[in-house]
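Asker: Fold the following for me, if possible:
(chains A, B, C and D, ligands or ions: 4)
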Amino acid sequence: MKKLSCREAIREALAEEMLRDDNVVLIGEDLGCYGGCFQVTAGLFETFGPKQIIETPVSEEAIVGVSIGAAMMGMRPVVEIMYGDFSTLAADPLINHAAKMRFLSAGKLSVPLVYRTPMGSGTGAAAQHTQSLESMFTNIPGLKILYPSMPADLKGLMKSAIRDQDPVLFFEHKLYGVEEMIPEEDYLIPIGKADIKQKGNDVSIITYGKTVFTALEAARLLEDDDISAEVVDLRTLRPLDKDAIIASVVKTGRAVVVHEAPLFGGFSGEIVATIAEHPEAFRALKAPVARVCGLDMPTPFNKHLELELPPSHTRIIDAVLTLFRS
Amino acid sequence: MKKLSCREAIREALAEEMLRDDNVVLIGEDLGCYGGCFQVTAGLFETFGPKQIIETPVSEEAIVGVSIGAAMMGMRPVVEIMYGDFSTLAADPLINHAAKMRFLSAGKLSVPLVYRTPMGSGTGAAAQHTQSLESMFTNIPGLKILYPSMPADLKGLMKSAIRDQDPVLFFEHKLYGVEEMIPEEDYLIPIGKADIKQKGNDVSIITYGKTVFTALEAARLLEDDDISAEVVDLRTLRPLDKDAIIASVVKTGRAVVVHEAPLFGGFSGEIVATIAEHPEAFRALKAPVARVCGLDMPTPFNKHLELELPPSHTRIIDAVLTLFRS
Amino acid sequence: MAFELDKDKALSTLSLMLRIRLFEEKIEEMFSNHVMHGTTHLAIGQEAVHAGVSPALDPMDWIVTTHRCHGHTLAKGSSIEEMFAEFLGYSNGLAYGLGGSMHLIDVDRHNAGSSAVVGSGVPIATGMALQLKRSGSKQLAVAFFGDGASSRGAIHESMNIASVMRLPVLFLCEHNMYGMSACARDMVSTDSIAHRGASYGIESRMVDGNDVEAVFESVTHAADYIREHGKPYLLETRTYRFSGHSKNDKKLYRTHEEEQQWLQRDPIALFEQRLIERKQMSVIQMESLRQSIKDEMDTTVEQLMNNPQELTIEEAAGFTYASKEDSAR
Amino acid sequence: MAFELDKDKALSTLSLMLRIRLFEEKIEEMFSNHVMHGTTHLAIGQEAVHAGVSPALDPMDWIVTTHRCHGHTLAKGSSIEEMFAEFLGYSNGLAYGLGGSMHLIDVDRHNAGSSAVVGSGVPIATGMALQLKRSGSKQLAVAFFGDGASSRGAIHESMNIASVMRLPVLFLCEHNMYGMSACARDMVSTDSIAHRGASYGIESRMVDGNDVEAVFESVTHAADYIREHGKPYLLETRTYRFSGHSKNDKKLYRTHEEEQQWLQRDPIALFEQRLIERKQMSVIQMESLRQSIKDEMDTTVEQLMNNPQELTIEEAAGFTYASKEDSAR
Ligand SMILES: Cc1ncc(C[n+]2csc(CCOP(=O)(O)OP(=O)(O)O)c2C)c(N)n1
Ligand SMILES: Cc1ncc(C[n+]2csc(CCOP(=O)(O)OP(=O)(O)O)c2C)c(N)n1
Ligand SMILES: [Mg+2]
Ligand SMILES: [Mg+2]
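Answerer: Ligands and ions are numbered 1, 2, ... in the order given. Presented below is the predicted three-dimensional model:
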């Protein structure tokens, strides 16, 4: 085992795959000597050079469109878009093209592209640089969507994403410095499998991305109340590991769904629906399903205000306790 | 009362508002002598001319961006984008700019813009012209989102949308020819209020847009099974009329959520969550909440296949009957 | 002296132009008979562009087309049987009936299909060129786009990228004076889209798009330039669609007089006239060529319609993601 | 002979340039002292553009800026107190602390703020110009954008629209050689972005962006042209940012030598030199001006920080939608 940060875990996955297959190519702005906006690709240019690291102009729409065309011809592009907020500019190539190329060609073309971008607040970057926009894409058939949280998952899932035949959106939280021990040897983590980050019996806290850390902290504190919380880290949003969600809720009988994106219209709705429409899970529920998500407003620049937007462990704990009271 | 089609109802709303206020301006492609791709604006150019009808190049991103700037300066633009699928191109101005201008200016600027676009399949136009992309936007604070179905609602809500101070996305289904009797006199319908299109006691069918018609047909046929279905037409998706949903479900104890967009990750999740997280509604539920939505795939061109994607009344009826069996 | 195709090439070119024209006329007939659903975008009048581009290129060069893609698809050599079947939504169509008229795609013939989002095919073609270059291929990619599409930002971004990355892409503007009802005069802020090449350091040229030999010659030149210099090229062809924009177009946005003037310059008639003058072909030969193509169209459609084949919804849904076997590839 | 500002204007211009420089130096200091959070984009070295544009325009003209917006905001006359307060996230800031460094906005001074999505402010400014024109105003809108932003499709779409609709917009390219670490030489496919004006039928000019009088004169000319002809104009200013792109930039992408060359052409030093040569101001006067501005900066920040004021989260959330009262307007 070795200790890696989230940043290093992604970097290592990229490097290993680029070494394995020189059709794996990083494409994006400032990826070279600058190392990418969040330093994820720092140092890679020295090893892989311009054939595998392509720096582009500020042209998000075309960067993704170009990557689609290249992927159709055999490249395995890993596109970095600096901030998830700019996914708005990449929506047409991703939704209308990458997601539909296989279908429109009746399987004759595929788009094995990975679209990497960081989401979320906490950086003091205000309303246009702090959003969690996964809901723009979760309703699009043809896309796969990952949002892992911990170094080991980031590495294993990035490698699987790169080897996948379909377009994969790979969302990253911005706690790039968080560290974890990960295996020395080469490994993959399959797309579409959730991971129980903490086992528990009384309530299921279902989440993904940055709020996995918040949920774990809440679960730790809930022990003081003698509540044993299970933390389900979805890791993949599409295809969703429904079995894992159902199994956990059937066991605990209570569910709290957590994410950083604003509550209304967020992906939490799909998770709640997955539970509420499943006969067994529905019958197992001892209380309503609760959601603890981002506040329904743009992100303020002010630091104190910004910190109030994403779910806190206090808000999660309150939601859990309410379930036990009702 | 007078009979109007959906197309005519929208057109009448536009014409009345343009007459009332010459800052109401239609902006989009082929709006003039062509009358818009679906003929909604046919004939208006003759009356209102180029000062209130601005034809643009094929530049969806800039069309919406330009409209935002104009709205900040006092125009009340009503932008038409030919197909909802091209909302992908307008995502940046809508999500990062229109939705955030008031916030970023601490209330000193507003963007009273209406973004009109048709969604949905049934026209044989294949995967890039038939999507229902409302989920791209329902998680964005700062936007209001309407998706009415019937002529009277289309007219009354369009007028309210135009008079609203905030950016409103106004999604239209493509059954533009469907007719209804509507009031002769001037009227508005408030944003954020659902409408019970049919009263019933045994099950709530909650939906919006084109599937309101399907739901009504299902409700009619369910009478043969002695099931009295209530059809809740949301009309507005954001802000959602939670009270109307809860009241209906508390009354009936059963809920089926229906929309044309693909099931997974669709807005149905938010509706189910609204029910499942509400203590009273949750306690009232006699069965799991069901969803009947579009199939999880791009739209095929083939006519028979295309018709299988959206919810049919048969699928709705089956879902309702299942709730009575469980 | 103006460029002239040799006799064999001239005959095959005329034959292709006629195939394109008669294919579209057949489609038009089928639509009026309500045999087809959806919509379609005919390019009657633009056959010189269609027959002048791909035949001037290497068959292994790739194309990315537009919503108005029938002619380009025929010019790449697709079978009319598979094309008609696609229009009918049949599973023996080019894309098994999943794409229809706007998405004709034929990977075996290096036709990567079209985007029905106007202009969005251009970055895709640019990306194909990027990988062609990386993999050391001598092939190029053609990005077709219209005068209407020229206003899309994606095209600006693509031209800039193609130039700074030196990509083997031929930007081929099919300027037919209108984008739907919008006249280029009112929508395009330059007299010639080709002139925009200079903004990107891209070589460019404008050519009469109703003169198939001129198109052929310009494309040959452009392709040579691209292969020799490893740089993109922008070619603007000026033409006119005699047909309406799509199924239901009343053509109120243009005058009868304008249409008549362009009809005088029907690209097929012009080329036939030349072949007659050059004594490469007789009117009678032309008539019989036309008739035999028409017969082929009619027979093909009749046979297809006698034996309709459609995917099941499960089969169709199976193309949303790669199957396990695809993934193992 | 080169254009010269008269004495009064020259002194106010130098004073403005110094205010911009010292404001940014103060910000830099506050960041290193960890008094501020988030990031910031300094434009040290680009003061001639900032002081040369808005002061050459009518105060009622509107501007839309970029992420690098401090200088433009000062040039429009915003109070440093409200600006510093915004940087500190205070409720007495320009936008009550909701926007911060990248979103300085001051509607009263006809500064519509900036988009932090590079290039996306340009269509917004274009739309402001559309409504200014429609409402019969004589005002124009300025769309600032950088060399990096020039690659965004939105700018192409906006220039085309502004041209065909004849909108009173001044496209002002602030070319500082880099977009983050990306050198314009590698990313921009033309020697001069101003040359792209021709592609859109837009008049254009390139000017030395380190010469404040040249910028002033060019902007005056451009504004006259826009108002007289009712058409857009594209002005490219060539300058250099001495500072890094943002807080954490090691500047590995450029050479020390290049930086030194540009430092020789520091726009403030150049202008001061001229004023001394013209005997319009003495070195001593300049020193005392600089000192008094520095004192003002220090005092303002100190006073602000002694009395921090912040919105509550409920107050902040209240700006998501119009309130009932707003709606009644
Ligand atoms: C992004 C986008 N906007 C609008 C449309 C609707 N539309 C279809 S064809 C067309 C005109 C395109 O004009 P041009 O590029 O000149 O091609 P032509 O139809 O003349 O072949 C438009 C606006 C579309 N398909 N995609
Ligand atoms: C659409 C978009 N892409 C990328 C970024 C990240 N980014 C911030 S500033 C910048 C460089 C912009 O360069 P330029 O337009 O020359 O402005 P400058 O920073 O030099 O003032 C980039 C790429 C962004 N904010 N928006
Ligand atoms: Mg055209
Ligand atoms: Mg720059």
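Asker: next one: stretch A:86-97 to chain centre, how far?
Answerer: 17 Å (Cα atoms, centre = their mean, to the nearest Å).
Asker: any bit of it sitting next to chain C?
Answerer: Yes. Judged by Cβ under 8 Å from any Cβ of the partner chain, stretch A:86-97 comes into contact with chain C through A:Asp92, A:Pro93, A:Asn96, A:His97. In short, each C-beta sits where N, CA and C put it, glycine included.
Asker: Reformat those residues as TSV; add neighbour count.
Answerer: Formatted as TSV, those follow (neighbours: other Cβ atoms under 10 Å in any protein chain shown):
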residue	neighbour count
A:Asp92	30
A:Pro93	33
A:Asn96	26
A:His97	26
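Asker: Extract the CA atoms of the strand or helix carrying C:Tyr225 and return them as CSV.
Answerer: Here C:Tyr225 sits within helix C:212-229, counting by DSSP states H and E. What follows is helix C:212-229, C-alpha atoms only, in CSV (Å, rounded to 0.1, in the frame of the first residue of the first chain):
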residue,chain,number,x,y,z
VAL,C,212,-19.0,20.4,-61.3
GLU,C,213,-15.6,20.6,-63.0
ALA,C,214,-14.7,23.7,-61.2
VAL,C,215,-15.6,22.1,-57.9
PHE,C,216,-13.7,19.0,-58.8
GLU,C,217,-10.6,21.0,-59.7
SER,C,218,-10.7,23.2,-56.6
VAL,C,219,-11.1,20.2,-54.3
THR,C,220,-8.2,18.4,-56.0
HIS,C,221,-6.1,21.5,-55.5
ALA,C,222,-7.3,21.9,-51.8
ALA,C,223,-6.6,18.2,-51.1
ASP,C,224,-3.1,18.4,-52.6
TYR,C,225,-2.4,21.5,-50.5
ILE,C,226,-3.6,19.9,-47.3
ARG,C,227,-1.6,16.7,-47.9
GLU,C,228,1.5,18.6,-49.0
HIS,C,229,1.5,21.3,-46.3
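Asker: Which secondary structure elements does the first helix or strand past it going along the chain sit against?
Answerer: Note on helix C:212-229: by DSSP H and E, the next helix or strand toward the C-terminus is strand C:233-238. Packed against strand C:233-238, as judged by 3 or more Cβ pairs under 8 Å, 6 or more residues apart in numbering or on different chains; DSSP states H and E, are the following elements: helix C:47-53, strand C:169-175, strand C:203-208, helix C:212-229.
Asker: what about strand C:233-238 and ligand 1, any contact?
Answerer: No. For strand C:233-238, no contact with ligand 1 is found by Cβ under 6 Å from any ligand atom; the gap never falls below 11.5 Å.
Asker: Please point out which parts of stretch A:72-83 sit buried.
Answerer: Buried positions in stretch A:72-83, judged by neighbour count with 16 or more other Cβ atoms under 10 Å in any protein chain shown: A:Met72, A:Met73, A:Met75, A:Arg76, A:Pro77, A:Val78, A:Val79, A:Glu80, A:Ile81, A:Met82, A:Tyr83.
Asker: and the residue of the stretch 201-326 of chain A nearest chain B?
Answerer: Nearest to chain B, among the residues of the stretch 201-326 of chain A, is A:Gly269, at 2.9 Å (Cβ to the nearest Cβ).
Asker: what's the pLDDT at the residue nearest to that residue when sequence neighbours are not counted?
Answerer: In this structure, A:Gly269 finds its nearest non-sequential neighbour in B:Gly269, 2.9 Å apart by Cβ to Cβ, 6 or more residues apart in numbering or on different chains. Listed pLDDT for B:Gly269 reads 98.
Asker: Equivalent analysis for A:Ala276, please.
Answerer: For A:Ala276, the model assigns a pLDDT of 98.
Asker: got the contact list for the nearest residue to it once chain neighbours are set aside?
Answerer: Distances taken as Cβ to Cβ, 6+ apart place B:Ala276 nearest to A:Ala276, at 4.1 Å, with adjacent residues excluded. By Cβ atoms under 8 Å, 6 or more residues apart in numbering or on different chains, B:Ala276 lies in contact with A:Val272, A:Ala273, A:Ile275, A:Ala276, A:Pro288, A:Val289, B:Phe282, B:Leu285, B:Val289.
Asker: Buried ones in stretch C:165-180, by neighbour count?
Answerer: In stretch C:165-180, counting by 16+ other Cβ under 10 Å, buried: C:165, C:167-180.
Asker: hang on, C:Met159 packs against C:Pro232?
Answerer: Yes. Here C:Met159 reaches C:Pro232: they are 7.2 Å apart, a contact under Cβ atoms under 8 Å.
Asker: okay, and for the chain, where does confidence drop off?
Answerer: No chain was given, so I picked chain A. Chain A contains residues with pLDDT under 70 at A:326.
Asker: nope, chain C
Answerer: C:1, C:326-329.
Asker: Name the single longest helix found in it.
Answerer: helix C:7-32 (DSSP state H).
Asker: Just the ones in strands from the contacts of B:Ala276, please.
Answerer: Members of those lying in strands (criterion: DSSP state E): none.
Asker: Now flag whichever of those residues is closest to ligand 1.
Answerer: A:Ala273 (32.4 Å; Cβ to the nearest ligand atom).
Asker: Nearest residue to that closest one in space, please, no chain neighbours.
Answerer: Of all residues not flanking A:Ala273 in the chain, B:Val272 sits nearest, at 3.9 Å (Cβ to Cβ, 6+ apart).
Asker: Wait, that neighbour touches B:Val258, no?
Answerer: No. When contacts are counted by Cβ under 8 Å, B:Val272 is not listed as touching B:Val258 (11.4 Å).
Asker: what sits in contact with each of the two?
Answerer: B:Arg291.
Asker: Now the host helix or strand of the residue nearest to A:Gly269: buried residues?
Answerer: Taking DSSP H and E as the definition, B:Gly269 sits inside helix B:268-276. Judged by neighbour count (16+ other Cβ under 10 Å), helix B:268-276 contains these buried residues: B:Ser268, B:Gly269, B:Glu270, B:Ile271, B:Val272, B:Ala273, B:Thr274, B:Ile275, B:Ala276.
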